Each structure stands twice: as C-alpha cells, then as structure tokens.
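A.B. asks: Got a sequence here, can you model it:
(one chain, ligands or ions: 3)
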Amino acid sequence: MPVLRLAIPCPLRSLFDYLPPADLDASTLACLTPGVRLRVDFGRRQLQGYLIEIAAESTLPSTSLRTAQKLVDAEPLVSAGVLQLCLWAADYYQHPLGEVIEAAFTPGLRSGQAHLPPGQPGWRLSQRGKGLPDGALQRSPRQAEALSLLQNTHELATDTFRSKGISSGILRQLEQKGLAERCLLKPSAMPGTPRPGLALNTEQSAALQGILASYGEFNCSLLEGITGSGKTEVYLQLITHCLAQGQQALVLIPEIGLTPQTLARFVERFGSGIAVLHSGLNDTERYAAWEAARTGVARIIVGTRSAIFTSLQQPGLIIVDEEHDGSFKQQDGFRYSARDLAVKRGQLEGATVVLGSATPALETLHNALQGRYQHFHLTQRAGAGELPSMRAIDVRREALQGGLSAALREAIEAALQAGQQVLLFLNRRGYAPALQCHDCGWIAECRACDTRMTVHRRQRRLRCHHCAANLRLPEACPQCHSARLLTNGLGTEQTEDTLQHIFGNWPIHRVDSDSMQGKGAMQALVTQVSDGQPCILLGTQMLTKGHHFPGVSLVAVIDADALLFSADFRGEERMAQLLTQVAGRAGRANDAGQVLVQTHYPDHPLMLAMLTESYAEQARRLLETRRDSGMPPHSRLLLLRTDSPASDTGEKFLGSLRQQAQPKLPEGCRLIGPLPSPLQRRAGKFRNQLLAMAPDVRRAQQLARLLVHYATQLPARSGLNWSIDVDPLDLG
Ligand code: ADP
Ligand code: ZN
Ligand code: ZN
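C.D. replies: Ligands and ions are numbered 1, 2, ... in the order given. As a prediction, this is how the structure comes out:
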C-alpha cells in the first residue's frame, strides 16, 4: 500500500505519512500530484495537509499509520514552480514546510474551503425564460424587472442585481418558475493593447535593451537609478514586452500605502487585467486576485511581500521595486526575504528578474559588482527637475521651537511665500518619547517591556511602541503625586503644534501611522497635495516611500542625530538610504529644490559623507568597511532567538545549544552569545539570542541545519520559544 507523505502546518520540521483516504480508488491515487490538499486527523485536531510525495512504503509500521480523511483537491491549486519555491524556502530558511506552503494559499483555502471555479456568481435566462412572451409576470413587478434585465443583458452578476435593489429571493422565485438559472460569469477580459510608452533617454534604453537581450531565460538585473530617474518607465516597458510574449509579470512593491499611485500608472498604461495583492484586501478580494493570477486571467500582478508566493500560469518577468526596503523581509514566523525569493523564483521558473532602487541594499549591490547580476545605471532625472542640493544646519546652542531652528523656520516661510510645498521628516510618532516627573524624576515605563512609554497627546494616552500596552495620560505623578509632569524629546504631534502656531495660515498635513489610519487615507492625502498649493507635509518614514509630491521644493530632516548613532551594523547603510530617499522627494517639479538637515554634529564623518557624496559613492565605501569587519555581504548571518517568561531560561537553552554545536561547526564559522537581545524584555517575555556567522552561503546553510538539529533535540523548557532567522535584517 503506497503512503501519502504530507506537509502539515505545525511547528514540527518533518513530513507525515498517511494512508490514502478510504474512498480513493487506485487510478485517482496514481494521478495525484504534489500540492493537493488533504484533510487529516492530527493529534486530536483535524488539519489540512499538503501532498509532497507518494512513497512506496512508510518507515513506520503500517499499523501505526492513520488514514487521511479526505482528498480536498483533485488538482493542485499551486503551480509546480511555486511548490518548488516553497520546498527550497523551507530548507533555506529552516522553517517547517507545512507553514511555508500555507503562504502559497489564501486564508480560506488554508482553512479547508473548497476551491470555487473562477468566475463571479450570476444568473441567466433558462430555455423556458428565453421563450417567454413580453409582458409576462405582470403581477409581480420585481420579478418582471429582473427578467427584463436578463433579457437585455443575457447574463448578469448577482452583485449587479443587488445593486439594483433586486434580492436573491426574487431571483430564486424566477428559478422556481423555471425562467432563470444560476451560472458563473466569465472572468473579466484580458488587457487590450498597452498605451505607447515614453521615448526613453539613453540610459533608460540601455537598461531596457540590456535586460531584454537575455529575456526568455533566468537572468537578474539591478536597476540602480536615482529617485525620479525613470525606473518605473523602464518597468512599464519591460512589462509591455512580457505581455507581448503572452507571459505574466509579477511586481513586488514595499507598502500598501504605495499601491494607489503605482497602480494608477499601471492601469493608465495597461487598462484591465491587473490583479492587486496586499494585506488590506478582504478574503473575497484576495481570493479573486489570487485566482486571476493562478488561472492567467490577470496578466500583471502587483503585490506586497507575500505576493511572491502567488502561482502564475506563465511567469515571464518579476520586478522588485525599492528592493532595499525592509518590508520585503518578514520579521516573524516564517522569516523570508521576498526579494531574495524573487531571484530564486526567477531561477526556478526561467523568468527575468529586475531589482530596482535608488538606494540598493549592500547585499544587492555586492551581487551586481561581483557580476552575479547585470547592473544598469540611471544617473539623471528623467522628467523635469534636478536633484536638490543638501545642506546641514548646525543647531548647537540654537533655541529650537518644536525642534525647528530659526534658519529652518525662515526657509519654510520663504518656500510657502513662494507658493511651494514643504516636506519635513521626523521619524518619531506621538507627542514625545518620554514623560517625566519634574519633582521626583519618575519616568513612565512600560510594565511589559524594557522601554519608555510614548506620550500621545491627541489621544490623551501613553502608548508602548513595542507592545499593545496603553493607558490614560496621568494627571499626576504616580510616585509623588506632583502635577508637574514634563515631556522629554520630540515627536510629530509636537512639531505639528509648533507648525500650527507659526504657519497656521497654511494647510499642515501630519503623515504617520496614527494620522493615516484607514485604507484611503494616504490616497486622499496624495490627491489633496497634488493640486500643488503651498502646504507643509510633516511625517515619519511613511512619507519617504516612493510617493511623488511634485510641488515639494524644500525638504528638511528635523532630527538627523537620531539616525547617526545606531548600534546595528546596518545603521550607516540605513541612514544613507533614508536620507537619500527623503531628499529624493524634493525638486521633482521645475525647481531644483533644497534639502536641509538639522544636526548637532555637522562635522561627524557620516554627516559629511551624506552632504558631499552620492548614495552610490557611500554604498561602495560602506561595502569596503563591511569587508574589513567581515560582516554581510562578505559573510552570512543566522540569528537564533528565544523568548520565555523566566529571565534565565533562554540563556540556558542557548548556552547548551552552543555547547553542542561548537565542536561541529563548519570551518570558518563562529557563534557569538548567548546574549540578551537589545530590548531584552518585550511584551512580558525575556528575549535572548545567539548570533552565528559563516563565511559563505554554503556553510551558512550547513550551520543553520546543525543549529536547528540541536535546538529540536534539546529538552523542551517551560514557556520557551525559539526561532531561527536566516539572513536577519534586524539584530534585535
Ligand atoms: P523613478 O521610478 O525612478 O522614481 P519615474 O519613473 O517615476 O522615476 O519617473 C520620474 C518622472 O519622470 C515621471 O514623472 C515620469 O513620467 C518621467 N519620465 C520617466 N521617463 C521619462 C522619459 N523617458 N521622458 C520623459 N519623462 C520621463
Ligand atoms: Zn514624581
Ligand atoms: Zn510594552
């Protein structure tokens, strides 16, 4: 008796053998393809498993084998390419395969929902309905109305009936009379001919031609182009080529907030046939987009991180826009990098991969410089506008108002008076990062985390930015009952107050995750600001991500010092990326624009570098520094993290792990730790980590397997969770 070897979503890193469901005949069994879903008993629960292979016999005695309950799909719903990608990713990231495969399904299908054939539910006339004379059904006007709609349109979606006030009850009455019947409407049409693109400049042409030269087989290119250099135009023309080959294009973008603008440009060029996948969709929308991609109805799929697991019928092109962006890395559970998986997927499916950025990650740049990727440069702004000039404002001994120096206030005033828009960057939301008692020194700290509570004045609350904790803003010190509570430091709410006070005659828009709640908020803002009228935009990192504000001529970084001193080895890279991206928002229209950077350290080497070097120059210099220190991309990292309710459990666990693994380390590998994590207590848990370094990817993989092997062997400890992060982005 053959056995079905399944991946089941659970923390165990093995496959599970089951006997085929009792009602499955031998011929169906013989045709089963990996990827089909099966319902199985697992422990005391019923779970959904995914077929990985059919084995001739099990390693377990057949008496101890359970029988699978039911075959859910006759055919796998994920493509062979995506299933292969999942197998590869589970191994590379050392994550349980069942949980990895789940990423390739929609939430409904994950929980066992049957696959619905594509198409929207609708109604059409039956044979009898077609033969009905005009003016029938006079005594039931609603039914007559529904019938006449069907006579005019042949078939119509249930939703459309509903929007015209015709309930499904009325349609069921027609069904009972044998006049109408249910049907599934054909999915919407393929896109028409794309609108013609812009005439490319020399650099854009070189990139397009260079990438197309090897189109049709796997190939990866880095498109390194300054902000506004016309990368998107190159993407659009690549997609045009891809569609002309009858293939589909997958475009990954960082954030949901970005979708409206990017999408608008795609729709303008290609019309319909675009599916969008991001976390803001409801289940029905997600399923529709997923199904359209899988069946080939959608020719262009635009999505955030998880869209990398979308099955495609004819994948031809994968684009990762703003490839340096941290949101491509999943930070919990299955910790994958969608950017890196895009490259792998291209390799598995023979697709062309393009990674684009104004500020490429050092890993990507390294690959390009080593010749593993093709490398194209766009060094000029494509449309109107020049790159702005950057200047530091020395704020030492300055009387700051809401964080703004006199020089900055004057510059803002001048820009507004000249009818221009201003963008101010402050990467801290809330009113102030700390609340302190002036009389006894008490500071409001989170009870569950090693951190201070942030003051949110608008909501009159103290909030922890590391857990869900929040409480009413106290009116008196809980320790000495003094009413003299002071805030320390600066957040966007506070600067907004100051701006209201000084520039209250102009519109001021605060843009952070508190003010931009709800789906349409960002889109509404972008629309409002696009009229070009003078205004001030004040915001966090949210503002720096790809949005185009053509009317902005002055950009200012309110507190650059917050970026200067980072404990993370990627601190300098991040600062250079962030400042370059912020600066890139300026001067997109006709004026060159200027960027002002407030700092107490105008002579700091990093600050000087920011002011005098391009990102391209800084990045190449940083790569040299990384070589000297042996850090990625000149080595590979793995991070084992633990959390536990007791303070010493994690350290003991990682200590034993280290002891066992140490003698077996592949050559050139090192373990560092166990150490407390930078924020040791978070949400009530104590966190520890063991950092592992390997000289190259092959040995990093050996090391990952070794560590996971020993970690799973170690005796369970109460309340302890551990996880492995391969190529961690954050060492916290
Ligand atoms: P990026 O994606 O590099 O930030 P975009 O593709 O958004 O740059 O281009 C910036 C601006 O330049 C856009 O307004 C775009 O329409 C315009 N643009 C791009 N390519 C060209 C071109 N070849 N000729 C004229 N304008 C262009
Ligand atoms: Zn006090
Ligand atoms: Zn907290």
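
A.B. asks: And the chain, split by domain according to the record?
C.D. replies: 3-110, 120-185, 202-378, 389-430+491-625, 636-726 (automatic domain parsing).

A.B. asks: Need the ones you listed in a markdown table (columns: distance to ligand 2 and mean pLDDT).
C.D. replies: Placement of C-beta: from N, CA and C, glycine included. Formatted as a markdown table, the domains of the chain follow (distance: least, C-beta to the ion, whole Å; pLDDT from 0 to 100):
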| stretch | distance to ligand 2 | mean pLDDT |
| --- | --- | --- |
| domain 3-110 | 46 | 92 |
| domain 120-185 | 60 | 82 |
| domain 202-378 | 37 | 92 |
| domain 389-430+491-625 | 21 | 89 |
| domain 636-726 | 24 | 95 |
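
A.B. asks: what about these, which gets the closest to ligand 1?
C.D. replies: domain 202-378 (3.1 Å; C-beta to the nearest ligand atom).

A.B. asks: Which among the domains of the chain is found nearest to ligand 3?
C.D. replies: Each of the domains of the chain has some distance to ligand 3 by C-beta to the ion; the shortest is domain 636-726, at 6.1 Å.

A.B. asks: hmm, the closest one in reach of ligand 3?
C.D. replies: No: Domain 636-726 does not reach ligand 3 (C-beta under 5 Å from the ion); its nearest approach is 6.1 Å.

A.B. asks: and the stretch 201-350 of the chain, which residues reach ligand 1?
C.D. replies: Within reach of ligand 1 by C-beta under 6 Å from any ligand atom, the stretch 201-350 of the chain has these residues: Asn201, Gln204, Gly225, Thr227, Gly228, Ser229, Gly230, Lys231, Thr232, Glu233.

A.B. asks: Now intersect those with the strands, please.
C.D. replies: Gly225 (DSSP state E).

A.B. asks: farthest-separated two in the residues of the stretch 201-350 of the chain next to ligand 1?
C.D. replies: Asn201 and Thr227 (15.6 Å; C-beta to C-beta).

A.B. asks: ok now the helix or strand containing Leu611, how far from the chain's centre?
C.D. replies: Counting by DSSP states H and E, the element that carries Leu611 is helix 605-612. Averaging C-alpha positions (C-alpha atoms, centre = their mean, to the nearest Å) puts helix 605-612 30 Å from its chain's average.

A.B. asks: I'd like to know which elements it is packed against.
C.D. replies: Applying 3 or more C-beta pairs under 8 Å, 6 or more residues apart in numbering; DSSP states H and E, we find helix 605-612 packed against strand 389-394, helix 571-583, strand 594-599, helix 615-629.

A.B. asks: Compare Asn201 and Thr227 (neighbour count), which wins?
C.D. replies: Thr227 (24 against 15; other C-beta atoms under 10 Å).

A.B. asks: hang on, isn't that one packed against Ala358?
C.D. replies: Yes: with contacts counted by C-beta atoms under 8 Å, Thr227 reaches Ala358, the gap being 4.6 Å.

A.B. asks: Between those two, which contacts overlap?
C.D. replies: Listed as contacting both Thr227 and Ala358 by C-beta atoms under 8 Å, 6 or more residues apart in numbering are Thr580, Gln581, Gly584.

A.B. asks: Give the single residue among these positioned nearest to Gly668.
C.D. replies: For the shared contacts of Thr227 and Ala358, the nearest to Gly668 is Thr580 (34.1 Å; C-beta to C-beta).

A.B. asks: Give me the neighbour count for the closest residue to the closest one other than its chain neighbours.
C.D. replies: Spatial nearest neighbour of Thr580, excluding adjacent residues (C-beta to C-beta, 6 or more residues apart in numbering): Tyr615 at 4.4 Å. Neighbours of Tyr615 under the rule other C-beta under 10 Å: 26.

A.B. asks: Quick check: closest non-adjacent residue to Ala361.
C.D. replies: Spatially, and ignoring its direct neighbours in sequence, Ala361 is nearest to His324 (4.2 Å; C-beta to C-beta, 6+ apart).

A.B. asks: swap in Asp325?
C.D. replies: Leaving aside its sequence neighbours, Asp325 sits nearest to Pro254 (C-beta to C-beta, 6+ apart; 3.9 Å).

A.B. asks: okay, Ala384: pLDDT?
C.D. replies: Model confidence at Ala384, given as pLDDT, is 67.

A.B. asks: what does Met190 give?
C.D. replies: The model reports Met190 with a pLDDT of 57.

A.B. asks: Neighbours of the residue of the stretch 451-600 of the chain found nearest ligand 2, how many?
C.D. replies: Closest residue of the stretch 451-600 of the chain to ligand 2, C-beta to the ion: Cys477 (3.0 Å). By the measure other C-beta under 10 Å, the count of residues near Cys477 is 20.

A.B. asks: residues touching it, list them.
C.D. replies: Counting by C-beta under 8 Å, 6+ apart, Cys477 makes contact with Cys437, Asp439, Cys440, Trp442, Ala483, Arg484, Leu485.

A.B. asks: could you pick out which of those are near ligand 2?
C.D. replies: Cys437, Asp439, Cys440, Trp442.

A.B. asks: Type out the ChimeraX command that picks the buried ones from those residues.
C.D. replies: To isolate the buried ones among these in ChimeraX, judged by 16 or more other C-beta atoms under 10 Å, type:
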select :437,442
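
A.B. asks: Of the ones next to ligand 2 among the contacts of Cys477, which belong to strands?
C.D. replies: Cys437.

A.B. asks: what's whichever strand or helix holds Tyr50 packed up against?
C.D. replies: If you go by DSSP H and E, Tyr50 is part of strand 45-55. With contacts defined as 3+ C-beta pairs under 8 Å, 6+ apart, strand 45-55 has these neighbours: strand 3-7, strand 16-19, strand 37-42, helix 97-102.

A.B. asks: So what touches the next helix or strand after the second one?
C.D. replies: Translated: strand 16-19. Remark: after strand 16-19, the chain's next helix or strand is helix 26-31, criterion DSSP H and E. Contact partners of helix 26-31, identified using C-beta under 8 Å, 6+ apart, comprise Pro2, Pro20, Ile54, Leu71, Ala74.

A.B. asks: ok so the residue of the stretch 451-600 of the chain closest to ligand 2 is a strand residue?
C.D. replies: No: Cys477 sits outside any strand when classified using DSSP: H, G, I helix; E, B strand; the rest coil, being coil.

A.B. asks: Can you give me the pLDDT of it?
C.D. replies: Per-residue pLDDT puts Cys477 at 96.
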